[in-house]
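1. For reference, the sequence and a predicted model appear below.
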Amino acid sequence: MNTTPRRAGPPVSARGRGRELIGLWSNTLFSVSASTFLYLFFAIDVHHRTSSVLLSNLVLVAPVALPALGSPMIHRICAGGDPRRVLSVAMWLGGLACATAAALLPVLGGVLIPLCLVIGFVDTVQRVGRLVVINRCMSRENLRPAVPVAFSAQFASGCVVAGLIYAGAGSRISPQLALGVSGTGFVLAALTAHLIGAPRDAGRAAGGHTGGYRELLVAEFRALAANGRLRHAFVSFVVLTILFQGYYNLTRVALPLTTFGGSTAITGAVQFLSSFAALVAAVAFLAAGRRIVLGNGFTCCLAAVLMVGVAVTGHPPLFLGLYFLFMFTFELVFMQRQAAIVEAADASTVALVSTSQIALIYLGMTVVVVLGSYFTATVAVRSAAVAFCLSVVGFWALYAAPRDRRLRSRDHLDPDRQVTR
C-alpha cells in the first residue's frame, strides 16, 4: 500500500533552493569540524599520555555514545518545533561549553570530562537534527541531493580537521587553542543555521512520541513494522555502519600510532585522506543520482576486503592508498543507505528513526571498539580485520542482498512520495 504525504508548501525558486543547500552545507561543515577536532585532539593527547590504544579509541566514541543513552530526550528535542532553531541552540551551547572550559581549565583540569559529554550531546543533537532538517525543511527538488550535500560537508570537515592536526604536529596544540578553534566553529554553525528554509510542513506535528526508552522502542518498532522499505533501509544502514564505522574508529588513530612509530603526521594523513575519499564519494553520488548503481553488493564487499588490506600492509604510501579506497567504497554504501532512510521516512517518523539510528550506531560502535581493541591487543589487528570482513560479507549475503532484490522488483519510489508502505 502506498501513502502519499507529498512535500507541502509553495514552490521554491532556484535561488531559494540554492540558499537552503548552502545553509545545510555550511552548518554541517562548521559543526562537524568543531566536534571532530576536539575528539581527535583529546584521543591523540590521551595516547601520548597513556600509550593506551583502548583509551584513545574510547575517547573517539564515548562522547557521542554516552549522550545517545538519553535518546528519548534527544528525540523530544529534535521532533518539536522548528528544526533550524534546534540546530542553532545546540551550536550556541557547544560554543558556550568551549568558552567555559577554556576559562576554567587553568584551575580545574577535570573540566574536560564534562566538556566532552556536553560536546557529545551537542554533536548527537546536530546529527539527528540535520536529518530532520533535510526531511522537513528541504524542498522536494532538494530532498535527494540534500543527503550527499550534507555528507560532503561532513567529509570536507575532516580535511579541515586533518589540516589542524598537521599544523599542531610539530608543536603540540594547547588545550586552550583547541577549545578556541572548536568554539569558533560552533558559533559559525549557529549563525549559518538561519540560512536554511522554514519547515515545509509547519502545519503538521513532527512526531508523537513522548516518554522513556520503552515508549521510544515501541514507537520505533511500530514505525518499522508499518513500512517495509524503511525497515530494510534502517536495519541495513545501522548494521553496516556499525561494522564499517567501528572499524574506522578502531584503526584511524590506533594503526598510525602503533604501526608507524606513533606518527602524528600519518594520523593527520589518515584523517585527511579518509575525509577526501568520502568527499569524492559524495560528489560521485550526487552527480550520478540513481542512474547508476552506487553502494551495491560489489561495492560493499570490496570495502570489506579493503579492511583486511589496510591491516596487513606496513608500507605508509600503500597503507594510505588502501585506506583511501576503503573509505571511498564504504561511504558510497553509507550514503545510499542513508538516502533510502530519508526518502522512506515521513515527517511523523523522521525524528524517531534518526534518533534511534544514531543511538544504536554509537552504542554499537562503542561495543565494537572495545571488543576490537581487546581482540587486537590479544591476537592481532589482522585477525580483527578478517572478522570485520566476514561479518560484512555475511550480513550482505544473508540479509541485505535478498531484500534489495525483492524491493527492486517493485515499483521505484515516486519522486513526490516520502514513504512507501
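-> Thanks, I have it.
2. wait, isn't residue 43 in contact with residue 54?
-> No: at 11.3 Å, residue 43 does not count as touching residue 54 under the criterion of CB atoms under 8 Å. Bear in mind the C-beta positions are built from the backbone N, C-alpha and C, glycine included.
3. Settle it for me: which of the two has more neighbours?
-> residue 43 (23 against 16; other CB atoms under 10 Å).
4. From residue 51, how far out is the more buried one?
-> Using CB to CB, to the nearest Å, we find residue 43 at a distance of 13 Å from residue 51.
5. swap in residue 29?
-> Between residue 29 and residue 51 the distance, using CB to CB, works out to 33 Å.
6. Find the nearest non-adjacent residue to the spatially most central residue of the chain, please.
-> Most central in the chain under CA atoms, centre = their mean is residue 127, positioned 6.7 Å from the mean C-alpha point. Nearest residue to residue 127, sequence neighbours excluded (CB to CB, 6 or more residues apart in numbering): residue 358, at 5.4 Å.
7. pull the CA atoms of whatever helix or strand residue 100 lives in into CSV?
-> For residue 100, the host element (DSSP states H and E) is helix 83-104. The C-alpha trace of helix 83-104 is given here as CSV (Å, rounded to 0.1, in the frame of the first residue of the first chain):
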residue,chain,number,x,y,z
PRO,A,83,14.4,22.1,13.4
ARG,A,84,16.5,25.1,12.4
ARG,A,85,16.2,26.6,15.9
VAL,A,86,17.1,23.2,17.4
LEU,A,87,20.4,23.2,15.4
SER,A,88,21.1,26.9,16.3
VAL,A,89,20.6,26.5,20.0
ALA,A,90,22.7,23.3,20.1
MET,A,91,25.6,25.1,18.4
TRP,A,92,25.4,28.0,20.8
LEU,A,93,25.5,25.6,23.7
GLY,A,94,28.6,24.0,22.2
GLY,A,95,30.3,27.3,21.8
LEU,A,96,29.4,28.3,25.4
ALA,A,97,30.8,25.0,26.7
CYS,A,98,34.1,25.5,24.9
ALA,A,99,34.4,29.1,26.3
THR,A,100,33.6,28.0,29.8
ALA,A,101,36.0,25.1,29.7
ALA,A,102,38.8,27.3,28.4
ALA,A,103,38.3,29.7,31.2
LEU,A,104,38.2,27.0,33.9
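8. Mind giving me the packing neighbours of that helix?
-> Packed against helix 83-104 by the contact rule (3 or more CB pairs under 8 Å, 6 or more residues apart in numbering; DSSP states H and E) you find helix 14-50, helix 112-137, helix 175-192.
9. chain center to the helix or strand harbouring residue 384: distance?
-> Element membership for residue 384 (DSSP H and E) is helix 381-395. Helix 381-395 sits 21 Å away from the centroid of its parent chain (CA atoms, centre = their mean, to the nearest Å).
10. same deal with stretch 313-323?
-> How far stretch 313-323 lies from its chain's middle: 24 Å, per CA atoms, centre = their mean.
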